[in-house]
Each structure stands twice: as C-alpha cells, then as structure tokens.
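Visitor: return a 3D structure for these sequence lines:
(chains A, B, C and D)
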Protein chains: 2
Amino acid sequence: MTPTGRKPDEGERYRTILETAARLICERGYEGTSMQEIAAACRMTKAGLYHHIQNKEQLLFAIMNYGMDVFEEQVLAPVQDVVDPVERLRQCMRHNIHLVTSGRSKEVIIILHEHATLTGEPREFIDRRKKRYVRFLEDAFADASRQGLLPGVDPTVAAFSFLGMVLWVYKWFKPDGRLTEEQIADGMVAMILPGLSTPAASTTDANASAPLRMVPRAASGEEPQ
Amino acid sequence: MTPTGRKPDEGERYRTILETAARLICERGYEGTSMQEIAAACRMTKAGLYHHIQNKEQLLFAIMNYGMDVFEEQVLAPVQDVVDPVERLRQCMRHNIHLVTSGRSKEVIIILHEHATLTGEPREFIDRRKKRYVRFLEDAFADASRQGLLPGVDPTVAAFSFLGMVLWVYKWFKPDGRLTEEQIADGMVAMILPGLSTPAASTTDANASAPLRMVPRAASGEEPQ
DNA sequence: CACTGCCTACCGACCGGTAGGTAGCACTGG
DNA sequence: CCAGTGCTACCTACCGGTCGGTAGGCAGTG
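Guide: Numbering: from 1, shown residues only, chains lettered A, B, ... in the order given. Reported below is the predicted structural model:
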C-alpha cells in the first residue's frame, strides 16, 4: 500500500477503537456494554476486535489512560505555569468545566464514572495519575491561603470541593439546557475564587503576574448538542 | 393481618432484602451484581428471591425510592423550617455530608452512582424526587442572595455547586482517612457559606427560628471502619 | 383447605474469550 | 517476473459458564 511508506493505520486504528468503545461504555456503563456491541460498533466481529486488544479490562484501562492524557493536555498543561495561584485555579476550573461539558472526551467521563471498576495494579496506576491532579490543586489552594488570597480552608477539602463542583457537572449538564458552559464556569469561579467581578470574556485584565499562557481554546466547535 | 397485629415480617423481610441488595449493588454496581449473588447474600435461592420482587430493574427502583425516603427524612425534613436561608443551607450541608460519609445508607450512594441506569417512567420518577431537592437548594440560594447574605450567583449553578461538593465525597471519602466528617463539613461550609467562624459542635446557637427538629441520630454506631 | 415462603430444576439468551482458518499484502531468492 | 514465505487483519464457529427469569412442587401455618 502507498509505496512511499505511509501505512495508514499504525495505531490510528487502535485509537478509533478506543474512542468507539469509550462512546458505548460512556452511554451504557462498563458492565452494561458487551464486547459484541463494541465490536459491532467498530464494524468488526468480536474475534476481530480481540486481535487488537487483550481483554475487556485492559480495554477499559487503555481508555482511562487515554482520557488522562487528554485531561492533562487540555486542563493541566495550559495552566501549570501561571504564577498567581488563584488565577491558576480559575483558569484550571474553566478548562476542566469545558472538558466535561463539551462532551468531546467520553474517556474522561468514563474515568469519573467508573472510579471503582478497575482493581489491582491498573486501578492503582490510574489512581496515581488522578492523585497528581489533586496534589496540584492542594498546592494551589495552600499557596493562595498562605498569601492571604483565599480564606484558610484545609487544602485537601478545598481541592475536593473544587473537584466535586466541577466534575459533578457531568451528571446534570445538558448541552441544550438553559445554562451555558460559560455561565456555569463564571458562577462556580465566583463561588469559591473571589476576585474579578466580571470574569468572563476578557481574562486579560486581572492577571498581572502571568499574562502569557492564556489559552486560545475558545471559538472552535462546541455547538449546542 | 393477625388481628392482634404481630405478623413477624409484614414487609420487614422485604426491607432487609432491599438493604442486602443495596450493599452488594453499592459495592459492585448494578450491572455487575447478579441476582444469584443477591439471593445468596439473602441466604435464599434466586427463585426464592423472585418470590419477593418482580424483576431486577424494579428492585433497583425500590432501593432508590427507599434511599430517597431516608434522604428526605435525614437531610431535608430537619432543616426545611429553618428561617435564615444561609443557616438552612449550612445545616443541610452538614446533614447531607453526614449521610454520605456515615456509610449507613448504601441506597443513597446507589442513587448517586446509578444516575443513568434506570430508564423510562421509573427513571423520571426518581429524577422528579431529586429535582425537588435541587429546587429546595435553588430557593435557599435565591433567598440568601436577595437578602444580600450571599454573593449573587445564579441559583441553579449555586445549587449544583453545593451538590457537587457534597455528593462527590462518596467518591473519595475513606472512614479511616486523615479527614473526619466534621472537618470536611466545616471546610465546605466555610468555602461557600460565609458567616460563623466556628460552626461545628453546638448547632443550637444560630437557629433562633426552629430550635426543634434537631436530629437525635448521633452518638450511635459510626466506628472508623 | 388455602395461602405463604421458599425450594429444585430448568429455560433460552448471552457473556468474555479462543481455536483455527484465510484473504491480502510486503518481501525475498532464484 | 514470480513462486514462496511470513505477517497483519480479520473471519467463522465454538467454548464453558452465567445471565435474568420461570414452572411447578412442597412444607408449614392459619
């Protein structure tokens, strides 16, 4: 095929399998989705699917790792160099809410929902990756608290409160509902990260410390539904 | 039955079935728990179990309704007559966190986790019961906002933020971990419900309006696992 | 006798997973 | 140029086991 050496697949096929499986598992749950259904959705037979993966559990593990990759790239990486801890948390919150509401990454939703499905070493591996995010938030809250920018709440409680608010969104958000992603982000930022009174749109006014690293993300896809 | 009224069971057997099934489903998920396992845990055969219930879905529905009953009795009822909206939210938050952390009501955890498992009319029925709680919180936040006691965030966003913080706890709380239920409650109250600086222990100081209705529940079981 | 509460024994469907075969391609030696 | 070899990407057919659910019986109690 294509003598210049392209080879169209090279793991690309594998990634579409992960995405297809993620879509189904996100809709019906891990235990509620059969390998048969996943194979059919990939337009394959079950045996064909098993040519690419080892077993169902490893498939879930791969999906979750893929989801963690996406998360770290879209939420963590863009903000980790922001100097002001409160601004860091604000931007982080916005990115995280966007990730959950955009509905583009079913893998992330699966990580959230199937938090107790994996066991043993794979479970611990994913938990370690999650824990890194918790630590990141704890540090930011501790920083902010030390600088007197936020009331001194236990950083762990603060971090999990942040996470709860933001991640719970996947349970109730409707893309065509009354609330837009921006309204939710603005509201939640206002609730636990005081500061700027008009936080949306022009984020360029307040962060005197880290004017770089502003995310371009907006303006792309994101149709209602 | 039995005109003198005794009849040892009278639905008591049914309730222990619900509780046993809830324990298993809470641990392994709805789809991951077989009727065989539930029957065995009730020290019955599967056919024996089916003598008491109609089918698996109806069993889940019954568990969820039972959970909503417990929730309304332990969280909603004790606080709904508190006049000050912020104090109402504070007490509500504490009761709700207690319900989730005490681990006594697996049914409530199932309601949280299996939010998309039921379909059709049963699903809508449970959703309607949940919606009542959301409305209760929205009203409280709107009240507080109108009285200038809280910053004016959209009441729906505020309500779901409250819920996210509080309910997400089921995903990470460890009874024998560093954080106690009280520390979590104090921290979360401090984060979104400003006011009293030492809020724990004596809840008798703030509610000038409804000194009754305080729950006795405490002091019983609740070992650190 | 009727009824409750539970049993044994079984149903068809489906589960995750595999054995073994094959079509199509790239590469090689002659 | 082309047969042979090896490999990838699938397939059909099947495995033992389990799923949710049921028919029908039977012992105990009123």
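Visitor: how does chain A divide up, domain by domain?
Guide: Taking automatic domain parsing as the criterion, chain A consists of the domains A:9-53, A:56-192.
Visitor: turn those domains into TSV, including mean pLDDT and distance to residue B:148.
Guide: To be clear about C-beta, it is placed using only N, CA and C from the backbone, and glycine gets the same treatment. Output for the domains of chain A, formatted as TSV (pLDDT from 0 to 100; distance: least, C-beta to C-beta, whole Å):
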stretch	mean pLDDT	distance to residue B:148
domain A:9-53	93	42
domain A:56-192	97	15
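Visitor: buried deepest among those, which one?
Guide: Counting by mean count of other C-beta atoms under 10 Å in any protein chain shown, domain A:56-192 has the highest mean neighbour count of the domains of chain A, with a mean of 19.
Visitor: hmm, back to that, out of the domains of chain A, which is closest to residue B:45?
Guide: domain A:9-53 (23.3 Å; C-beta to C-beta).
Visitor: so is that closest one next to chain B?
Guide: Yes - contact of domain A:9-53 with chain B (C-beta under 8 Å from any C-beta of the partner chain) involves A:29-32.
Visitor: okay, those in a markdown table with secondary structure and distance to residue B:106 next?
Guide: Shown next, in a markdown table, are these (DSSP: H, G, I helix; E, B strand; the rest coil; distance: C-beta to C-beta, whole Å):
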| residue | secondary structure | distance to residue B:106 |
| --- | --- | --- |
| A:29 | coil | 18 |
| A:30 | coil | 20 |
| A:31 | coil | 18 |
| A:32 | coil | 20 |
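Visitor: nearest to DNA strand D, of the residues you listed?
Guide: For these, the residue nearest DNA strand D by C-beta to the nearest atom of the strand is residue A:31; the value is 9.4 Å.
Visitor: that closest one reaches residue B:114, doesn't it?
Guide: No - using C-beta atoms under 8 Å as the test, residue A:31 is too far from residue B:114 to be in contact (11.2 Å).
Visitor: overlap in contacts, the two.
Guide: Shared contacts of residue A:31 and residue B:114 (C-beta atoms under 8 Å, 6 or more residues apart in numbering or on different chains): B:29-30.
Visitor: geometric centre of chain A: which residue is closest?
Guide: Closest to where the C-alpha atoms of chain A average out (C-alpha atoms, centre = their mean) is residue A:71, at 4.0 Å.
Visitor: pick out the residue of chain A closest to DNA strand D.
Guide: Going by C-beta to the nearest atom of the strand, DNA strand D is nearest to residue A:48 of chain A, at 2.4 Å.
Visitor: enumerate the residues of chain A near chain B.
Guide: Chain A comes close to chain B at residues A:29-32, A:113, A:115-117, A:151, A:153-154, A:156-158, A:160-161, A:163-169, A:171-172, A:178-179, A:183-184, A:187-188, A:190-192, A:194, as judged by C-beta under 8 Å from any C-beta.
Visitor: helices of chain A, residue ranges please.
Guide: Under the criterion DSSP state H, chain A contains helices at A:12-28, A:35-41, A:46-50, A:56-71, A:85-102, A:106-113, A:120-146, A:155-167, A:169-172, A:181-192.
Visitor: reformat those as JSON lines; add distance to residue B:65.
Guide: Below are these laid out as JSON lines (distance: least, C-beta to C-beta, whole Å):
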{"stretch": "helix A:12-28", "distance to residue B:65": "23"}
{"stretch": "helix A:35-41", "distance to residue B:65": "30"}
{"stretch": "helix A:46-50", "distance to residue B:65": "38"}
{"stretch": "helix A:56-71", "distance to residue B:65": "31"}
{"stretch": "helix A:85-102", "distance to residue B:65": "29"}
{"stretch": "helix A:106-113", "distance to residue B:65": "22"}
{"stretch": "helix A:120-146", "distance to residue B:65": "32"}
{"stretch": "helix A:155-167", "distance to residue B:65": "25"}
{"stretch": "helix A:169-172", "distance to residue B:65": "19"}
{"stretch": "helix A:181-192", "distance to residue B:65": "30"}
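Visitor: quick one: residues contacting the closest residue to residue A:158 other than its chain neighbours.
Guide: Among residues not flanking residue A:158 along the chain, residue A:141 sits closest, at 4.1 Å (C-beta to C-beta, 6 or more residues apart in numbering or on different chains). Neighbouring residues of residue A:141 by C-beta under 8 Å, 6+ apart: A:85, A:89, A:150, A:153, A:155, A:158-159, A:162.
Visitor: let's see it at 10 Å
Guide: Going by C-beta atoms under 10 Å, 6 or more residues apart in numbering or on different chains, residue A:141 touches A:85-86, A:89, A:149-150, A:152-159, A:161-162, A:192-193, B:191.
Visitor: residue A:35 too?
Guide: Contacts for residue A:35 (C-beta under 10 Å, 6+ apart) come out as A:21, A:46-47, A:49-50, A:53, A:55-56, A:59.
Visitor: of these, which is the nearest to chain B?
Guide: Within the contacts of residue A:35, proximity to chain B (C-beta to the nearest C-beta) peaks at residue A:56, which comes in at 12.1 Å.
Visitor: the closest one contacts residue A:30, correct?
Guide: Yes - Residue A:56 lies in contact with residue A:30 (C-beta atoms under 10 Å); the separation is 8.0 Å.
Visitor: which residues do those two both contact?
Guide: Shared contacts of residue A:56 and residue A:30, defined by C-beta under 10 Å, 6+ apart, are found at residue A:21.
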